[in-house]
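Novice: Here is the input, now give the coordinates:
(2 chains)
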Amino acid sequence: MSTLDSKIPEGPIKDKWTKHKNDINVVNPANKRLIDVIVVGTGLAGGAAAASLAEMGYAVKAFAYQDSPRRAHSIAAQGGINAAKNYQNDGDSTYRLFYDTVKGGDYRSREANVYRLAEVSGNIIDQCVAQGVPFAREYGGLLDNRSFGGVLVSRTFYAKGQTGQQLLLGAYSAMNRQIGKGKITMYNRHEMMDVVIVDGKARGIIARNMITGEIEKHSAHAVVIASGGYGNVFFLSTNAMGSNASAAWKIHKKGAFFANPCYTQIHPTCIPRSGDFQSKLTLMSESLRNDGRIWVPKNMDDVKAIRDGKKKPTDLSEEERDYYLERRYPAFGNLVPRDVASRAAKERCDAGFGVNATGEAVYLDFKSAINRYGNEKAHVLGIHNPSGAKVTELGEAVIEEKYGNLFQMYEKIVAENPYKTPMMIYPAVHYTMGGIWCDYNLMTTIPGCYAAGEANFSDHGANRLGASALMQGLADGYFVLPYTIGDYLADDIRTGTISTDSSEFNDAAKEVADRLEKLISIKGTKSVDSFHKRLGEVMWNKVGMARNAKGLTEAMDEIKQIREDFWKDVRIPGGVNELNPELEKAGRVADFLELGELFAKDALQREESCGGHFREESVEEDGLQKGEAKRNDKDFTHVAAWEYKGDPREAVMHKEELEFNDIELKQRSYK
Amino acid sequence: MDLTLKVWRQKNKEDKGGIETYPIKGISEHASFLEMLDVLNEQLISEGKEPVAFDHDCREGICGTCSLYINGEAHGPDRKVTTCQLHMRMFKDGETVYIEPWRSKSMPVIKDLIVDRTAFERIQQAGGFISVNTSGNTQDANALPIAKPMADKAMDAATCIGCGACVATCKNSSAMLFVAAKVSQYSYLPQGQIERKERVLNMVEQMDKEGFGNCTNTGACEVECPKGISLEFIARMNKEYLGASIVSE
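Specialist: Numbering: from 1, shown residues only, chains lettered A, B, ... in the order given. Modelled structure (predicted):
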């Protein structure tokens, strides 16, 4: 087993990034024009990187499978973006943001990277405001903040419930300026099919024009992968339909190590599935848990009556309800972190207490909050002894002010009025903390190939805190990569344009074309989606919220079987040389069918519970924490980085030991 | 519910295209419109036919990718939703549903229900930005207070998702609502003042070059806009344009 060099700079943690920036090589402006950089993906990380690199003078080629960079899935982020500005004067600081993020990640992230993230977080807000991002403001004209889970300060900046959209449109506008100047060449509706390696370095990609089907060769001096996470390996997730792991998986197969694939965030408050036709799941913001109380019926008879439509949830008295989070976690109650809340919902539903037809839903009830706010409001208005109806009316108005858009979204999807009857929610796959391994410079184990944003593994450890994904994507794209990539490219000022007429490019292009031809020639009997759904079912049942050795071992075999069936029996109508959505999906699902097996293998190897990864064998056996997740710092304070060996189950693990010099490792307790 | 679907099929840009009829059975009223199309496509694949190509991605109403003309309305019969947020409970058992792509000379059909919206890209590239480079040394965000009503107005304009429903709905194929949203967002903000004039002139020039029609104030775009972008912004853009045209620096 080799040791991985994370290239963390020497010196005290607060000086590392400044010192590193002073020490690394820079490319002179005249030479930057001679250097090409490819960026795959145009979400927050990719869009920000492409714009910044072009502004610096590099010749950038950016690729997106969507018809516009503005449609990348960063656009769907709701809540906000964290930054250690301390505008609220509540004691926030770079150190506190760093500490919260490492602790929230259950002590499985790299300290130096997280500190840098906290350090540049303030710059992100400055930059976005300068670009014209319309953040929420107070009446005095200054920026407003809100609070998010897992922290004690108010440091989240937001733009209504559309923060991701506004930040992405900011990066998109910066890209547009460079596209207009000819500094970025934008390739929309193009999919990255493989990376090309020349003399051991990433020197370009093979892309498919999704309209014509043409296989194109694109060269560059460095390649940045910013293609997002792999949550769709579960089929159902809150990701976009097109979100995929293919770019990341292709570079993995060419030598980039894949780190901690088992770290997945399952978000507790999503709208439950309603049938087999379900194509994706919709998130309801974490902020709802500030006022909503989560419960299921205490008695099985009531569960049955509700499922049969004989009783309504509002018919049950307080005594007949089990507010299980408040019961199990009196200190944090409904505001426990995401991983804990998700597992508790699963526990109740597995025990048979799920409240909808599929048995996979719990209630999120606003009745108490409506009453509380209603009484407060009546008091303010000077109404003494208000009637029940008046209290409800006043309370509902307050709730509408706070969460109106979410309640409306829920009503559109479910066709029930959440003011009158509790919402039904269930956990869903939302974000992947694992990803391509990269060093402090965000370079992967392939020289010249970088990974940024959700595609890399670097900053969130085993669990991501709310409002930190946007921060990390923009930090990587605006403030980290543009510096670190120069250090590598400084050696390339005399290289000149890389020719695509080489055996490496031609072989890679042929390999891609052959694979597509192979897929379309199978002419089997089952659709791509049918295999994807089978994979998703195995992943959810055996590699989902709670995992054990037996289930994971079975999952590896079952996924292998689905993969073999896929390559024998998939049916892809249409041709290769045309717009063919089924062919696009097939390529992505083929990659998920490999990644899924490595995912299960990684989960099997990590015989501890940490963050989003819960092993049923590793729980506290007695005391106050009985039944809770048990971390094993002695044996597992490391990053598991996997090297591809031709078959996912043959992958070889390389360890990066994690050192914590500035933070003491502690158990998270929410009791 | 059972439905009869009349779907526009067109092999590629050059193909003439036409309506095909597909009966579909057993659709849940809880399914979204696009999930209904997923079911149709599964059915077509099992029959050995080519599935219907349509644009879609986030399926939660924010990416702006989905784009269908349903029974003659952009994004279908519901209001303030995108096609992906439209649910089958809006339809009746036995109904015949017409599904067509956006229709505009400036947004040609690529295949079936997918259209080419790159004209929107070129308009944004002509001026939809504030010229500020990435830098760790921009001034502190709170050094520039912005009055809340102005910031809120800018946000209202900025919620445009660039789906193209306004163009598809407009009898003139005008892109005014789309362009006005971006022009207005920056015109409300102090950061946008420096390039205010050239922005509106350049974006409008590009809009005209792309062949989009003029606005005749019928207001259909505002009604069909899934994000409720207000017609007021078009008035604002006209004012900005007029100001920029007659007053030189």
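Novice: Not counting its neighbours along the chain, what's nearest the residue of chain B found nearest chain A?
Specialist: For chain B and chain A, the shortest gap (C-beta to the nearest C-beta) falls at B:Pro145, measuring 3.1 Å. (C-beta placed from N, C-alpha, C; glycine too.) Leaving aside its sequence neighbours, B:Pro145 sits nearest to A:Gly141 (C-beta to C-beta, 6 or more residues apart in numbering or on different chains; 3.1 Å).
Novice: Check A:Pro29 too.
Specialist: Take A:Pro29 and drop its neighbours on the chain: the residue closest to it by C-beta to C-beta, 6+ apart is A:Gly57, 5.2 Å away.
Novice: try B:Asn12
Specialist: B:Lys111 (5.8 Å).
Novice: contacting residues around A:Tyr488?
Specialist: A:Tyr488 sits next to A:222, A:441, A:443, A:447-448 when contact means C-beta atoms under 8 Å, 6 or more residues apart in numbering or on different chains.
Novice: Correct me if wrong: A:Ala341 contacts A:Arg289.
Specialist: Yes - with contact defined as C-beta atoms under 8 Å, A:Ala341 counts as touching A:Arg289 (7.3 Å).
Novice: Compare those two (neighbour count), which wins?
Specialist: A count of neighbours by other C-beta atoms under 10 Å in any protein chain shown puts A:Ala341 above the other of A:Ala341 and A:Arg289, at 27 against 22.
Novice: And the nearest residue to that one once chain neighbours are set aside, which helix or strand is it part of?
Specialist: Distance criterion C-beta to C-beta, 6+ apart; nearest residue to A:Ala341, sequence neighbours excluded, is A:Pro268 at 3.8 Å. Element membership for A:Pro268 (DSSP states H and E) is strand A:264-270.
Novice: just A:Ala207 next, same as before
Specialist: Assigned by DSSP H and E, A:Ala207 belongs to strand A:201-209.
Novice: Just the C-alpha atoms of the next helix or strand after that strand, please, in CSV.
Specialist: Next helix or strand after strand A:201-209 toward the C-terminus (DSSP H and E): strand A:215-219. Once non-C-alpha atoms are left out, strand A:215-219 reads as follows in CSV (Å, rounded to 0.1, in the frame of the first residue of the first chain):
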residue,chain,number,x,y,z
ILE,A,215,-17.0,12.1,-31.2
GLU,A,216,-14.6,15.0,-30.7
LYS,A,217,-11.0,15.2,-29.6
HIS,A,218,-10.1,18.3,-27.4
SER,A,219,-6.6,18.9,-26.1
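Novice: Which strand or helix spans the residue of chain B most remote from its centre?
Specialist: Largest separation from the mean C-alpha position in chain B: B:Asn137, at 35.7 Å (C-alpha atoms, centre = their mean). Assigned by DSSP H and E, B:Asn137 falls within no helix or strand.
Novice: List the buried residues of stretch A:577-595.
Specialist: Buried residues in stretch A:577-595, counted by 16 or more other C-beta atoms under 10 Å in any protein chain shown: A:578-595.
Novice: how about that stretch against chain B, any contact?
Specialist: Yes - Stretch A:577-595 comes into contact with chain B (C-beta under 8 Å from any C-beta of the partner chain), by way of A:578-579, A:581-582.
Novice: Looking at the contacts of A:Tyr488, which are in strands?
Specialist: Mapping those onto strands (DSSP state E) picks out A:Ala222.
Novice: related to what we said a few turns ago, relative to A:Asp106, how far out is the residue nearest to B:Asn12?
Specialist: 47 Å (C-beta to C-beta, to the nearest Å).
Novice: quick one: pLDDT of the closest residue in space to B:Ala147 that isn't next to it in sequence?
Specialist: The shortest distance from B:Ala147 to any non-neighbouring residue, by C-beta to C-beta, 6+ apart, is to A:Gly141 (5.4 Å). You'll see A:Gly141 listed with a pLDDT of 97.
Novice: A:Gly141: neighbouring residues, count only.
Specialist: 14.
Novice: that older thread, let me know whether the residue nearest to B:Asn12 touches B:Glu14 as I believe.
Specialist: No - B:Lys111 is not in contact with B:Glu14 according to C-beta under 8 Å; the separation is 10.8 Å.
Novice: need the helices for the stretch 551-671 of chain A, in chain order.
Specialist: Taking DSSP state H, counting those that start in this stretch as the test, the helices found in the stretch 551-671 of chain A are A:581-605, A:633-636.
Novice: report the angle between the axes of the first one and strand A:264-270?
Specialist: Taking axes from the mean of the first three to the mean of the last three C-alpha atoms, to 10 degrees, helix A:581-605 and strand A:264-270 form an angle of 110 degrees between their directions.
Novice: just the helices in the stretch 201-350 of chain A please.
Specialist: A:246-253, A:300-307, A:324-328, A:338-348.
Novice: now check the host helix or strand of B:Met237, is it near chain A?
Specialist: Assigned by DSSP H and E, B:Met237 belongs to helix B:232-246. No - judged by C-beta under 8 Å from any C-beta, helix B:232-246 stays clear of chain A, getting no closer than 13.8 Å.
Novice: Just checking the distance from that helix to the centre of its chain.
Specialist: 22 Å (C-alpha atoms, centre = their mean, to the nearest Å).
Novice: Return the list of helices and strands in contact with that helix.
Specialist: Contacting helix B:232-246 under the criterion 3 or more C-beta pairs under 8 Å, 6 or more residues apart in numbering or on different chains; DSSP states H and E are the following elements: helix B:176-188, helix B:196-209.
Novice: Give the buried residues for that helix.
Specialist: Applying 16+ other C-beta under 10 Å to helix B:232-246 flags B:233-234, B:236-238, B:240-241, B:244 as buried.
Novice: List just the nearest of the residues you listed to B:Met150.
Specialist: Nearest to B:Met150 out of those is B:Arg236 (C-beta to C-beta; 12.4 Å).
Novice: For my notes, confirm A:Phe148 occurs in a helix.
Specialist: No - going by DSSP: H, G, I helix; E, B strand; the rest coil, the assignment for A:Phe148 is coil, not a helix.
Novice: What residues are bridge-paired with the nearest residue to A:Leu442 once chain neighbours are set aside?
Specialist: Distance criterion C-beta to C-beta, 6+ apart; nearest residue to A:Leu442, sequence neighbours excluded, is A:Tyr450 at 4.9 Å. Counting by DSSP bridges, A:Tyr450 is bridged to A:Val224, A:Met443.
Novice: and the gap between A:Tyr450 and A:Gly486?
Specialist: Per C-beta to C-beta, A:Tyr450 is found 12 Å from A:Gly486.
Novice: one step back: what touches both of A:Ala341 and A:Arg289?
Specialist: A:268-269, A:334.
Novice: where does chain B have low pLDDT?
Specialist: B:248-249 (pLDDT under 70).
Novice: Need the per-residue pLDDT for A:Thr3.
Specialist: For A:Thr3, pLDDT reads 66.
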